[in-house]
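Visitor: Below are the sequence and a predicted model for it; my questions follow.
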Amino acid sequence: MVPDTWVFHVTWCDHQADMVKELSLSYNRSDNSVELYDPKLRRLFLKRTPASIPLEGHLYLGNTVTIFSRQLKIVDYGDECTRSDLAPRFRKAAVIVKPHAQKHLGCILQRLTDSGFILSGIQTVQLDHQKAKRLLDIMKSPQSQPENNDTAEQTDADTQTLTDGRAVVVEIVGHDSKQRLEYIVGAEDPAQARQQSPSSLRAAYGISRTQNAVLWSALEDDSLRHLPEFLSATSAATLHEIGRDCSCCVIKPSALRHAGKIVDEILTHGFRITAIQSFHLSRNAADEFYEVYKTVLAEYSQKWIGPCDARARLTNSSLRSVSRPQVFYCAMWLRLHGNDRHRVVMIDELTQGVCLAMQVEHEENDSVARLRQLSGPHDPELAKCVRPQSLRAKFGSDRVRNAVHCTDLVGDALLETQYFFSLLARSQQ
């Protein structure tokens, strides 16, 4: 029998107290509600409350979920019932997109997500011979489940292909990952893959046995720990690698299921993705990144008042603590927007899950203006009218969940790419 309640051990970094709290998270599947319990103090930390977004697909080991602006990292299962139910469902695997297949990165990512896998991590890596061999050792360790046992010659050939340029390591989570990846990726030899499974990735994008587009392995036990350690020590881009004519594009968490299509759109419009990396931003990091927009767009501000906040302020019996300008603003907000309850601040949107940051360069220069044109107007409804083929018109839903953030000014491009690929990437090491 499938349990109605899942229990997890989570940690929360309390920056004000400068300590990490260990909590117990109970998730009720019937009504998407959560409850937090502090085992150290033996008391409730948060009574049973409905979550703001569906959490069922985000509760797996190593992931971070945001509940009422608190980012909780799932470190272990809370009971055996939860473990037996979820452990087979959320199996991790790693897929390496080889340098020669970078132009097909978007199609490969979308094929994985369309097959039901969750993108839990992604990073561009520039490997020398030693690092490439170390990565293959992790992928083909006895603790992991590689696709086969290669000979020494094949391993050397794979090592050489990984050093020919920048590769992309993708970490995915899904049910029966080993069996499903065998079918999705196909045989090692692309010629054999075209005969056995013509729709597989290697059949579509492979050239030869060595240039066969992707490598993959199901991750178990020690591999789950060694791969993140390896990636954290191998930054996606360094300061001297960040180009002058570049732009920054961030795929927001709400558009992660369309990440492959967005990446493919960027590549087909003449851009080259020189670095891509996944981040789970803290509220402080998102606030710093959006600092320059606070006086431009109301949705970017932490103090932006939504409909629920405005109605609560107006119906509160003790209005003495609310100034006249605040009351006037709340009344005008409700008059203009009514019961539009789906709107959230941009910081909440950017911190609710994994986002993908990309450094892109256009083949004809002027990268910032070209990416801004491809992204379209900030409002997806406006974008559908004036630029129906733009990213926000195709994949955005409203002014908050508008699929992507892109650099607006040429002078901000270097700052935004450095913020992600220098500052935040180093803080994750």
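Guide: Received it, and whenever you're ready, just let me know what you need. Numbers count the residues shown, from 1 in each chain.
Visitor: rest of the way, CA atoms for contacts and neighbours
Guide: Fine.
Visitor: was I right about residue 9 contacting residue 27?
Guide: No. Counting by CA atoms under 8 Å, residue 9 stays clear of residue 27, with 11.5 Å between them.
Visitor: more neighbours, the two?
Guide: The residue with more neighbours, out of residue 9 and residue 27, is residue 27; 24 against 20, by other CA atoms under 10 Å.
Visitor: gap between residue 72 and residue 9?
Guide: 10 Å (CA to CA, to the nearest Å).
Visitor: Residue 206 now?
Guide: 42 Å.
Visitor: Same question for residue 393.
Guide: For residue 393, the distance to residue 9 - CA to CA - is 40 Å.
Visitor: same check, this time on residue 346
Guide: Using CA to CA, residue 346 is found at 29 Å from residue 9.
Visitor: same thing with residue 140?
Guide: From residue 140 to residue 9 the distance is 30 Å (CA to CA).
Visitor: cool, residue 377 as well?
Guide: 42 Å.
Visitor: what's the answer for residue 167, then?
Guide: Residue 167 is 34 Å from residue 9, by CA to CA.
Visitor: Repeat that for residue 132.
Guide: Counting by CA to CA - residue 132 and residue 9 are separated by 35 Å.
Visitor: before we move on, what about residue 60?
Guide: 11 Å.
Visitor: Between these two, which contacts overlap?
Guide: residue 74 (CA atoms under 8 Å, 6 or more residues apart in numbering).
Visitor: Helix, strand, or coil at the nearest residue to residue 365 once chain neighbours are set aside?
Guide: Nearest non-adjacent residue to residue 365, counting by CA to CA, 6 or more residues apart in numbering: residue 245, 6.4 Å away. Following DSSP: H, G, I helix; E, B strand; the rest coil, the label given to residue 245 is coil.
Visitor: Could you list which residues are in contact with residue 245?
Guide: Per CA under 8 Å, 6+ apart, neighbours of residue 245: 361, 365-368.
Visitor: switch the cut-off to 10 Å
Guide: Going by CA atoms under 10 Å, 6 or more residues apart in numbering, residue 245 touches 360-362, 365-368, 410, 413-414.
Visitor: Next: residue 389.
Guide: By CA under 10 Å, 6+ apart, the neighbours of residue 389 are 265, 374-376, 383.
Visitor: which stretches of the stretch 101-250 of the chain form helices?
Guide: For the stretch 101-250 of the chain, applying DSSP state H, counting those that start in this stretch gives helices covering 105-114, 129-139, 152-162, 177-185, 190-196, 201-205, 222-232.
Visitor: if you average pLDDT over stretch 274-283, what comes out?
Guide: Averaged across stretch 274-283, pLDDT comes to 92.
Visitor: sorry, that was for stretch 165-173
Guide: The model assigns stretch 165-173 a mean pLDDT of 93.
Visitor: so where's the chain shaky on pLDDT?
Guide: Residue ranges of the chain with pLDDT under 70: 1-2, 141-151, 221-225, 235-243, 295, 297-344, 428-429.
Visitor: domain ranges for it?
Guide: Here the domain parsing of the chain from automatic domain parsing is 5-86, 91-234, 244-304+345-429, 305-344.
Visitor: where does the second one sit relative to the chain's centre, distance-wise?
Guide: So that's domain 91-234. 19 Å (CA atoms, centre = their mean, to the nearest Å).
Visitor: if we can go back for a sec, and the gap between the residue nearest to residue 365 and residue 140?
Guide: Noted for residue 245: a distance of 39 Å to residue 140, by CA to CA.
Visitor: Likewise for residue 411?
Guide: Taking CA to CA, one finds residue 411 at 44 Å from residue 140.
Visitor: where along the stretch 301-429 of the chain do the helices fall?
Guide: 307-315, 324-337, 346-351, 367-375, 380-386, 391-395, 410-418, 425-427.
Visitor: Output the helices of the stretch 101-250 of the chain as TSV; include the columns distance to residue 13 and mean neighbour count.
Guide: Below are the helices of the stretch 101-250 of the chain laid out as TSV (distance: least, CA to CA, whole Å; neighbours: other CA atoms under 10 Å):
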stretch	distance to residue 13	mean neighbour count
helix 105-114	30	20
helix 129-139	30	18
helix 152-162	37	17
helix 177-185	31	18
helix 190-196	47	18
helix 201-205	40	23
helix 222-232	20	16
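Visitor: Lovely, talk soon.
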